[in-house]
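>>> how does the following fold in three dimensions:
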Amino acid sequence: MKSPYLIKDRLPDLLAAIQAMAIYERYRRSAADWADLISGDKDSASHWKEIFDDHPEFFRPSVLHPGDYSLVWRRAGNSRYHRRLGKIMDQAEVDLLPEEERRRYITRPPVPEGQIKTLLDTAINLHQHATEAQRDRRWWIMPVTAIVSTIGSFAGAIMGALIKVT
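Here you go, the predicted structure:
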């Protein structure tokens with residue numbers, strides 16, 4: 001099975017998705033909404049859905065909201081970040097908020113810059129590993145070609161000698 005990291009232009013798209021999903025005010029959105037945010041083209045939703053599905057090491061579909069995707073690292077955080085206030089609240093503060101305000105403004109916190117860098121470095125390292133693995137799988141092509149060529153030459157020489165003898 002071919003690594004999704006070897007798909008042409010995959011790494012830049014993967015890096016863009018990680019960055020956008022790490023800092024956007026909402027942590028979970030539809031593929032079309034992420035497409036619009038990342039590339040400015042809602043019609044490219046299927047392209048982004050494929051990226052999200054091909055890279056479960058970074059992205060996950062929502063079980064409760066089919067069609068929505070989130071960054072795994074962000075989804076792991078507690079839902080206590082108040083988007084409007086820009087701060088993480090303790091659970092008691094969240095519980096005191098009116099239901100409408102909780103629904104509208106409480107989400108998971110953005111991923112800190114240092115952790116975003118870790119995610120980007122991980123994606124780059126996985127891409128490099130896939131590229132090296134593909135290169136390593138091809139090591140046998142030149143020796144096999146040389147052996148087949150030698151066998152062909154040897155067989156031709158034997159046939160030539162047999163024809164000359166008869």
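>>> name the helix or strand of this structure that has the lowest mean pLDDT.
Scoring the helices and strands of the chain by mean pLDDT, DSSP states H and E places helix 141-165 at the bottom, with a mean of 68.
>>> tell me the spacing between the residue nearest in space to the middle of the chain and Q91.
In the chain, the residue lying closest to the centroid (C-alpha atoms, centre = their mean) is H55, at 3.8 Å. According to C-beta to C-beta, to the nearest Å, H55 and Q91 sit 32 Å apart. No exception for glycine: its C-beta is placed from N, CA and C like everyone else's.
>>> I would like the residues contacting the helix or strand where P12 lies, please.
Using DSSP states H and E, the element containing P12 is helix 10-23. Helix 10-23 has contacts (C-beta atoms under 8 Å, 6 or more residues apart in numbering) with 4-5, 27, 34, 37-39, 47-48, 51-52, 54-55, 58-59, 69-71, 73-74, 110-111, 115-116, 119-120, 123-124, 127.
>>> please spell out the PyMOL selection for the buried subset of those.
Buried members of the contacts of helix 10-23, identified by 16 or more other C-beta atoms under 10 Å, are gathered into one PyMOL selection as follows:
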select buried, resi 4+5+27+34+37+38+39+48+51+52+54+55+58+59+69+70+71+73+74+110+111+116+119+123+127
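>>> the contacts of helix 10-23 in helices, which ones?
34, 37-39, 47-48, 51-52, 54, 73-74, 115-116, 119-120, 123-124, 127 (DSSP state H).
>>> R29 belongs to a strand?
Yes. Judged by DSSP: H, G, I helix; E, B strand; the rest coil, R29 forms part of a strand.
>>> what's the distance between the nearest residue to it once chain neighbours are set aside and Y27?
Spatially, and ignoring its direct neighbours in sequence, R29 is nearest to D68 (6.1 Å; C-beta to C-beta, 6 or more residues apart in numbering). D68 sits 10 Å away from Y27, going by C-beta to C-beta.
>>> ok, the nearest residue to L126 once chain neighbours are set aside to F52 distance?
Nearest residue to L126, sequence neighbours excluded (C-beta to C-beta, 6+ apart): Y5, at 5.7 Å. Y5 is 14 Å from F52, where distance means C-beta to C-beta.
>>> re the thing from before, quick one: mean pLDDT for the helix holding P12?
With pLDDT averaged residue by residue, helix 10-23 scores 96.
>>> list the buried ones in that helix?
For helix 10-23, the neighbour count (16+ other C-beta under 10 Å) marks R10, L11, D13, L14, A17, I18, Q19, A20, M21, A22 as buried.
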